[in-house]
Each structure stands twice: as structure tokens, then as C-alpha cells.
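> I would like to see how this sequence folds:
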Amino acid sequence: KVEDPSKLPFENNGNVFFLAWTTTPWTLPSNTALTVGPKIDYVLVETFNQYTGEPMQVILAEKLVSYQFGKKYELLEGDAFAKAKLEYKLGDKKIPYLILGSCKGTDLVNLRYEQLLPYAQPFENAQDAYRVIAGDFVTTEDGTGIVHTAPTFGADDALVAKQANPPIPPMLVLDENQNPVPLVTLQGKFRDELPEVGGKYVKNEYFADGEAPERSVDVDIAIALKEQNRAFKVEKYVHSYPHCWRTDKPVLYYPLDSWFIKVTEFKDRMHELNKSINWKPKSTGEGRFGNWLANANDWNLSRSRFWGIPLPIWRNETGTEEVIIGSIEELTAEIEKSIAAGFMTSNPFAGFKAGDMSEENYDIVDLHKNVVDQITLIGKSGEKLTREADLIDVWFDSGSMPYSQWHYPFENKEQVENQLRKADFIAEGVDQTRGWFYTLHAIATMISDDVAYKNVVSNG
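Alright, predicted model coming up:
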């Protein structure tokens, strides 16, 4: 519902609603914005709610009026509408509607609306929530031309919310440790303290076999909105959605803390160095790869998995102090400090000799997650430091190949820096413009300010 209809760019009687559209009703408690297309034409329509029979005025994209006001509705004008409006009652075969005025999307930006499901408030900057904002991704292909926006559960939503002025806060609340968290847990359940939906899985597929209720949370929310005169049209809608290939359950888009490499600081240099590489075909290097470099984002380095290379970062509970480990020699020295402080009782890598490059020496060490997660270090302030739980993106391994194949920087340091690091040619499929070609080039640029390969043969 529009908070102050007097600010609307058309005349109205005060009972006005933005008609927003979603295929994920479970995200509605996390709504903090509505997104419109700045150049799209919008109209104000007077009609009745098909579920409650109450008179209402709704704002939606002009192109989608005929789609949303289908067989149940009848477009009338002037006296015909005035007469039908007086005579209409809930259950009539036809619901009358009248178009009252129009405007551009830009005319709606920054208007405020009442929170739809007031289960919680953002823990910070709540005063900037529940506003209309502009986004270029809004279309008039389906829906209403007004997109329900929940920055905690979608990349497009998060980006457009950050770009708004002032930024739209995501729906994050403080947990028992005062950490900001979404309204849905990592198990896919609504937080227990929420009214009506607390403790419920957001998708019925997450329940164990035979335990799912007849009505999903989506259905419960839809029914509640109908009863509150807050639902205009509820229907079944089939669309593609990602599922986990192991469990066949729907994937949950979710905001997680991640570690990033600030590739954007090296982007221009990567683009410059690429010009010196001989690409076959040339068009792949200049076009596909060149465009990819020009639009490179920061590299999301961390992964929430079990097998792989653990991040060599130990931090205190508040994240204010951290130790970044560069070698096994350094790690064993830090473990000895931890033992002296009483945080650990023994060194799991006791007997490792720094500088001994034999396989027998390296067999003493296991750097997998199940081992290093048991290692506790000590910070400068005397606080306990535990390892960040995530692993390193496996593409970092592949991009490190020119260095790691020579056990750099522990062996062959001089040769690698002078000659061995740069490949005469590499060959891979064109899909590696985002993969191996990219990670080789990014790491070589950042570490050596040079290319990782002189020539590329890229097949189809």
C-alpha cells in the first residue's frame, strides 16, 4: 500500500497499491524495496479486489494491464464504470476496472510504501527501506512491471539496492551473537522468533520424506495475504529453477561472507598485458577474452566445501585480528607459540624439517581441512585464533600452475622468476576464457606483472 498517495503523479482517492509480482512468496517477509523500469509507462487502475470485494486502485505497467486484468475483468469508462462500481458485489461474474492516469517509472522512484509482512525490521538503516527504486532489469514480458525486491536473496536485488540513493538496506536481523543474519537459516528454515512462519522450511522439498505439510509456506503466505486484502492475484506458475544435482532439491540463493581477491585493482594491467599474447584465433583473445577482462569483477576466492586447499587464514572471534600463513615452516613455528600459550598440546607436524624437499619429509604434513581445522593459533594480543572454515576456489590451483609446478617460492626461485614461469604456448577449449586462461593471466599479472603464456591455441 502506498504510504502517502498525495505524492503520486496522478489523482487518486487515497486507497492505492503498487502491484508487485513474485514467484517466491517465502521471500516477501524479506522485502525492502520495489523496483520499476525508469523508462516503462505505468498506469493507475481503479477496480475491486477479487478475493475481498474491496475497492482499490493499483499501479502497474501499462503493457501488462490486459494480461493482469483478464477474463474476470471488464474495462469500462465514464458513466458505465460509475454505474458498475455502485452495483458491484463480491462474486459477480465480471469485475469492472477503469484506467485513471499514467506516468513514467522515474516518476515513481523514492515513493514509500507500507511494509507488506511486518515480521521484522532491518537491523540498520531501516528508515531507508520500503521505497520504490529504479532498475534496468525490469521488463514488461510478464508480471506487473514492478519487481518485489529482497536484497538478501538475489544478486540482481542486492546490486540494485546498493546502487539506490540512499542504499536500500537488506533484511538482516541480529542473532544471539549480534551478527547480522537473514530471516532464513542455513538449514533453509525461517528463524524461530518470526511470527506465523517461524521454524518452517521455506520449501516443502527440504522436509524429510513424508514429513512435509500439505500446505507449503508459499501457500500459507498467499492465503494470509488474500485475507488481509494484500493479494491481487494468486496462481500456479511454472518456470525453470536450479536444483542440486546430488539431491535433486531446489537450490537456495543465500548471502554468505566470502573472501575476495581485488582483481578490479589489476584489471587495466591485465587488459594491457593481454595485447602482447599471440592468440589463435586472434578474435578469441581480442573479443571474448578481452571483453571478459574489461568486465572482470573481484575474484570470489573462498568455497564452503570439504576437499581442497584450506584458506591459510586464522582469525579471532570478532575478526579484528588475523594471521595469514605462507609456509609449513611458518605454520609449525606458530603452532609452537600456541602450545606455549596452552591453546594446543602437541604439534601435528612435529619432525618436519624446513628446507628438506624430500617426499619423506612432506609425508609428515597433511594440510587438508580435517587436520588444519584442529590447529588453534595465538594472536599478538594473546587471543585464540581459529582457521577460517572455507577452502580456496579450485581454479586458483589451476591458475597457480606456472609457479606451483616448480614448488615456487621454496625451490627454483631464481629460475622461475627469470625464465621457467612463462609458457611458450598453452592449448585449451574456448570455454576457458573464464577459467584456466583467465586464472593463469590474473595470477601472473598480480604476482609477476607479466603474462603466464606467450601463445594460445584455443579450439572450439
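> now the helices for the protein?
65-68, 78-87, 155-163, 217-227, 267-274, 282-283, 290-294, 328-341, 359-362, 369-372, 394-399, 401-404, 413-415, 436-448 (DSSP state H).
> Distance to residue 97 added to those, as a markdown table?
From N, CA and C alone the C-beta is placed, and that goes for glycine too. Formatted as a markdown table, the entries for the helices of the chain read as follows, by distance: least, C-beta to C-beta, whole Å:
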| stretch | distance to residue 97 |
| --- | --- |
| helix 65-68 | 8 |
| helix 78-87 | 8 |
| helix 155-163 | 30 |
| helix 217-227 | 19 |
| helix 267-274 | 51 |
| helix 282-283 | 54 |
| helix 290-294 | 47 |
| helix 328-341 | 70 |
| helix 359-362 | 76 |
| helix 369-372 | 60 |
| helix 394-399 | 54 |
| helix 401-404 | 64 |
| helix 413-415 | 76 |
| helix 436-448 | 53 |
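> and among the ones you listed, the most buried is which?
With neighbours taken as mean count of other C-beta atoms under 10 Å, the helices of the chain reach their highest mean count in helix 436-448, at a mean of 21.
> by how many degrees do that helix and helix 267-274 diverge?
Between the axis of helix 436-448 and that of helix 267-274 there is an angle of 110 degrees, by axes from the mean of the first three to the mean of the last three C-alpha atoms, to 10 degrees.
> what does helix 436-448 contact?
Taking C-beta atoms under 8 Å, 6 or more residues apart in numbering as the criterion, the residues outside helix 436-448 that touch it are 261, 263, 266, 269-270, 273-274, 289, 292-293, 296, 299, 395-396, 398-403, 417, 421-422, 426, 428, 432, 450-453, 456, 458.
> what do you get if the cut-off is 6 Å, keeping everything else the same?
Helix 436-448 is touched from outside by 263, 266, 269-270, 273, 395, 398-400, 428, 450-452, with contacts defined as C-beta atoms under 6 Å, 6 or more residues apart in numbering.
> Same check on stretch 323-335?
Surrounding stretch 323-335, the residues in contact under the criterion C-beta under 6 Å, 6+ apart are 312-314, 347, 349, 352, 354, 365, 377, 385.
> Return that stretch as CSV; C-alpha atoms alone will do.
Only the C-alpha atoms of stretch 323-335 are listed here, as CSV (Å, rounded to 0.1, in the frame of the first residue of the first chain):
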residue,chain,number,x,y,z
VAL,A,323,47.4,-14.4,10.9
ILE,A,324,48.0,-15.3,7.2
ILE,A,325,50.3,-18.3,6.9
GLY,A,326,52.8,-18.5,3.9
SER,A,327,54.5,-21.8,4.5
ILE,A,328,54.6,-25.0,6.6
GLU,A,329,57.7,-23.7,8.3
GLU,A,330,55.8,-20.6,9.4
LEU,A,331,52.8,-22.7,10.5
THR,A,332,54.9,-25.1,12.6
ALA,A,333,56.5,-22.0,14.3
GLU,A,334,53.1,-20.5,15.1
ILE,A,335,51.9,-23.9,16.5
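> Show the average pLDDT along that stretch.
Looking at stretch 323-335 alone, the average pLDDT works out to 96.
> closest one to residue 115 among the helices of the chain?
Taking C-beta to C-beta, helix 217-227 is the member of the helices of the chain nearest to residue 115, at 12.8 Å.
> roughly how far is that closest one from the heart of the chain?
For helix 217-227, the separation from the chain centroid amounts to 26 Å (computed by C-alpha atoms, centre = their mean, to the nearest Å).
> Next: stretch 309-323.
Worked out by C-alpha atoms, centre = their mean, stretch 309-323 lies 23 Å from the chain centre.
> Endpoint to endpoint, that stretch covers what distance?
Chord length of stretch 309-323, first to last residue, is 17 Å (C-alpha to C-alpha, to the nearest Å).
> from the contacts of stretch 323-335, which would you call buried?
Buried members of the contacts of stretch 323-335, counted by 16 or more other C-beta atoms under 10 Å: 312, 314, 347, 349, 352, 377, 385.
> Select, out of the helices of the chain, the one closest to residue 5.
Relative to residue 5, the nearest member of those by C-beta to C-beta is helix 78-87, separated by 18.6 Å.
> This completes my enquiry, with thanks.
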